[in-house]
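>>> Return atomic coordinates for the entry below.
(3 chains)
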Amino acid sequence: MTASYDTISTRLDGNVLSATFNAPPINLIGPEVVRDLVGLLEELSHPGSVRVVVFDSADPDFFFFFPHVDLTKVPEYTDEAAKGGGPGDASLGMLFHKLSQIPAVTIAKLRGRARGAGSEFLLACDMRFASRENAVLSQPEVGFGTSPGAGAVQHLTRLMGRGRALEAVLTSADFDAELAERYGWINRAVPDAELDEFVVGIAARMGGFPRDALIAAKTAINAIGLPTPANVRADAALFQQLVRGEGAQRRAAELFEQGFQTRGRTELGLGEALGDLKAVD
Amino acid sequence: MTASYDTISTRLDGNVLSATFNAPPINLIGPEVVRDLVGLLEELSHPGSVRVVVFDSADPDFFFFFPHVDLTKVPEYTDEAAKGGGPGDASLGMLFHKLSQIPAVTIAKLRGRARGAGSEFLLACDMRFASRENAVLSQPEVGFGTSPGAGAVQHLTRLMGRGRALEAVLTSADFDAELAERYGWINRAVPDAELDEFVVGIAARMGGFPRDALIAAKTAINAIGLPTPANVRADAALFQQLVRGEGAQRRAAELFEQGFQTRGRTELGLGEALGDLKAVD
Amino acid sequence: MTASYDTISTRLDGNVLSATFNAPPINLIGPEVVRDLVGLLEELSHPGSVRVVVFDSADPDFFFFFPHVDLTKVPEYTDEAAKGGGPGDASLGMLFHKLSQIPAVTIAKLRGRARGAGSEFLLACDMRFASRENAVLSQPEVGFGTSPGAGAVQHLTRLMGRGRALEAVLTSADFDAELAERYGWINRAVPDAELDEFVVGIAARMGGFPRDALIAAKTAINAIGLPTPANVRADAALFQQLVRGEGAQRRAAELFEQGFQTRGRTELGLGEALGDLKAVD
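This next block holds a predicted model:
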């Protein structure tokens, strides 16, 4: 690993890379984060010394992993994503699809809120472990007036089945770690005090295993569990179409008036705030 | 909503429709229920004011949601289903397949027993919440001598995986709400005292969300989680073939002697009654 | 049932067959076990008097169900498997794929350790019930330097979803019954004192049900939940290729020095032993 990134601090320990997102004030997924993620994935896409990557967040109060995309900069972060998703694929969905296939094992360690594309980033990783006491996942897109565009529809339906995926996506509700575990959104909810040690342990364990075996097995499981690029592109197109619509614009404007995308009550309790928006006739 | 139905009472509150099945004495799925369901789905299949539908049962003791189809009237209810499932599709399976795709969100609220096609009705809904203390689900078809014909094979295998679906279907056993939740048959088992408020809450929440987002996301999830019409038709044909066989006829006759399809012990404990039938050599 | 087997004792009770594996000292899956399994499946593949088969292990201390294949005899047991998997299909994977499709219901009752192909044998059965206090499942292949070759990649991804399957396979960790149940690896963890009665009960119940209904429903569920033969063959080929590699050979040699494949600490705690092997650069 040679590059350094503005919004991702990395630390290499043996062949385990820790990658910590740090995009103050609230870790929104904007052009800088996407640019840095494209760079990091480019580095990781060539088999090298890194065998396992652990992603977490530097948010000092553990309020936010990734709260969601920066809704004021959809065109800008989409442009950045285009540089990583592949020729002609200007979507976060295709970038995350690429993340799912890098020749290294990816672990997401979740403290704080991971909503929208934040949750979809986690879903693209190979495995997800969350603080039992301090984690929130949600796909708030439908509450805004659009549909998840970066993988949640594909992953959640495969992970938890049609009924629970419909509940998670259509209610846009906040899920705590316990319910997220029960539904299969995350691998496990781990007591907060044990989470770091747990993740360090399995990362080091896999870091000592033969790389070709890790990657061969990952590739075989991906062949069954990942959506097709066509699925990913269709979801991205639907998101892009609906997010520009009048309904989504009006609901976002109402939330911005309440302090949306700042470090405050609306972002912390976004699940509730969505339910309190003016009902659409 | 303009029509009224003999076996379904409806009440519209904003854009949330409550639809309560009431087919005394035990809510069997017979020609009248199917006729009314065809009519209601026809109304709901045109995008209109209804955004969310909550289905429940009026059975006064909460004994039965839908215990199963009326086995004395298979040809009659099948004829009625043919009017709703599409040209040439004379099966409850295709009618329920259509239910899964109506442009409104469907929630099933379960108290009492939902067996056979009753369980399959629930599985066709978008989400299922059951009383923790007072709910039973089962697919008793194999115990009778046939195979589930209206969606359970497709839905259960996708929701709970091959091993648990084989257990549920091949044992024909009664599942309580706790086990049904653990296996993924229902979204959640909710304490009975909280169930109504819980369902009212999420129905109203989704009722305030933009319709096009709700339907777009539902359609995308259905594209992954629903079986194909060919799957549905094959299951229906298998049910029809086996249910007319000598084995199924003899077992049904034995159950009718014990009070099957009346408000009594055999229907309440059907899982046990099936196990007590004369073993087939 | 007329044949008798060196490593499988069978007992027929009505139409329920008990088949108990007994291959001292530790029930390794070697040429004899595979030869006997091929014979038994051949008998069972013709619809006959056996309607339900319960598989368990005779290991006197309940230490081992099947710990895994005999790594010193891969060519030999593969040759035996070729006689059962179908023309040209020299793999345990195709043999287990055939097991999944025999015209009888198969139940695995697990006490002790089922690792590698031992776990894959269980996954090929129709349902799996494990002692809550005394069961361990794992896929240790990646820790050795290869990839699961006899069905685990296919079954686990479908049963527990991509994230949990990646965790189970890439960490090569030991799973106790409680976690295996939570992830869907087994149907249920049953208290040890109740396990025998529970399995006898559901076996007898299904044994009294009409055979054509059991088999029709099983076939319909298999059509959704089983992998294709091409998937099975690809996994088998990958296993065979990697297991012959230098990495896998070196790691196996290190384990043999520690008492691997004998009745001792290394086999009992194989999950831990794999983590303690020399890390691969």
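>>> For chain A, which segments count as strands?
A:8-13, A:16-21, A:52-57, A:64-66, A:105-115, A:127-138, A:175-176, A:188-190 (DSSP state E).
>>> do you know which of the ones you listed lies nearest chain B?
The closest of these to chain B is strand A:175-176. By C-beta to the nearest C-beta, the value is 11.7 Å. All C-beta spots, glycine's among them, are computed from the backbone N, C-alpha and C.
>>> Now for the residue nearest to A:T72 when sequence neighbours are not counted, how many residues are close by?
Distances taken as C-beta to C-beta, 6 or more residues apart in numbering or on different chains place A:Q261 nearest to A:T72, at 7.3 Å, with adjacent residues excluded. Residues within reach of A:Q261, counting by other C-beta atoms under 10 Å in any protein chain shown, total 20.
>>> Looks like A:Q261 contacts A:L28 (just checking).
Yes - shown here, A:Q261 and A:L28 form a contact pair, counting by C-beta atoms under 8 Å, at 6.4 Å.
>>> what's the overlap in contacts for the two?
By C-beta atoms under 8 Å, 6 or more residues apart in numbering or on different chains, A:Q261 and A:L28 have these common neighbours: A:67, A:70.
>>> List the contacts of the spatially closest residue to A:S18 that is not a sequence neighbour.
Using C-beta to C-beta, 6+ apart and skipping residues adjacent in sequence, the residue nearest A:S18 is A:R11, 4.6 Å away. The contact partners of A:R11, by C-beta under 8 Å, 6+ apart, come to A:17-18, A:20.
>>> Around chain C, pick out the residues from the stretch 101-250 of chain A.
Residues of the stretch 101-250 of chain A lying near chain C by C-beta under 8 Å from any C-beta of the partner chain: A:105, A:123, A:125-128, A:155, A:158-160, A:184, A:186-187, A:202, A:205-214, A:216-218, A:220-222, A:224-226.
>>> any bit of the lowest-mean-pLDDT helix or strand in chain A sitting next to chain B?
Least confident helix or strand, chain A: helix A:74-85 with a mean of 89, by mean pLDDT, DSSP states H and E. No - Helix A:74-85 lies out of reach of chain B by C-beta under 8 Å from any C-beta, never closer than 15.9 Å.
>>> so what does that helix touch, helix or strand wise?
Under the contact criterion of 3 or more C-beta pairs under 8 Å, 6 or more residues apart in numbering or on different chains; DSSP states H and E, helix A:74-85 touches helix A:31-44, helix A:92-99, helix A:229-243.
>>> Throw those helices into JSON lines and include mean neighbour count, thanks.
Output for the helices and strands packed on helix A:74-85, formatted as JSON lines (neighbours: other C-beta atoms under 10 Å in any protein chain shown):
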{"stretch": "helix A:31-44", "mean neighbour count": "20"}
{"stretch": "helix A:92-99", "mean neighbour count": "26"}
{"stretch": "helix A:229-243", "mean neighbour count": "19"}
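>>> so can I have TSV of those showing distance to C:A230?
Shown next, in TSV, are the helices and strands packed on helix A:74-85 (distance: least, C-beta to C-beta, whole Å):
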stretch	distance to C:A230
helix A:31-44	30
helix A:92-99	24
helix A:229-243	21
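>>> what about the biggest helix by length in chain A, average pLDDT?
The single longest helix within chain A, with elements called by DSSP state H, is helix A:152-171. Averaging pLDDT along helix A:152-171 yields 98.
>>> quick one: it to helix A:229-243, angle?
Angle between the axes of helix A:152-171 and helix A:229-243 is 40 degrees (criterion: axes from the mean of the first three to the mean of the last three C-alpha atoms, to 10 degrees).
>>> Just the CA coordinates for helix A:152-171, please, in PDB.
Extracted in PDB, the C-alpha atoms of helix A:152-171 (Å, rounded to 0.1, in the frame of the first residue of the first chain):
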ATOM      1  CA  ALA A 152     -29.700  -3.100  -0.900                       C
ATOM      2  CA  VAL A 153     -32.600  -4.500  -3.000                       C
ATOM      3  CA  GLN A 154     -30.400  -7.300  -4.300                       C
ATOM      4  CA  HIS A 155     -28.600  -8.100  -1.100                       C
ATOM      5  CA  LEU A 156     -31.400  -7.800   1.400                       C
ATOM      6  CA  THR A 157     -33.800 -10.000  -0.600                       C
ATOM      7  CA  ARG A 158     -31.100 -12.700  -0.900                       C
ATOM      8  CA  LEU A 159     -30.100 -12.400   2.800                       C
ATOM      9  CA  MET A 160     -33.400 -12.200   4.500                       C
ATOM     10  CA  GLY A 161     -36.000 -13.300   2.000                       C
ATOM     11  CA  ARG A 162     -38.800 -11.400   0.200                       C
ATOM     12  CA  GLY A 163     -41.000 -10.600   3.200                       C
ATOM     13  CA  ARG A 164     -38.400  -9.200   5.500                       C
ATOM     14  CA  ALA A 165     -36.700  -7.300   2.600                       C
ATOM     15  CA  LEU A 166     -40.000  -5.700   1.700                       C
ATOM     16  CA  GLU A 167     -40.500  -4.700   5.400                       C
ATOM     17  CA  ALA A 168     -37.000  -3.200   5.700                       C
ATOM     18  CA  VAL A 169     -37.100  -1.400   2.400                       C
ATOM     19  CA  LEU A 170     -40.800  -0.200   2.300                       C
ATOM     20  CA  THR A 171     -41.000   0.900   5.900                       C
END
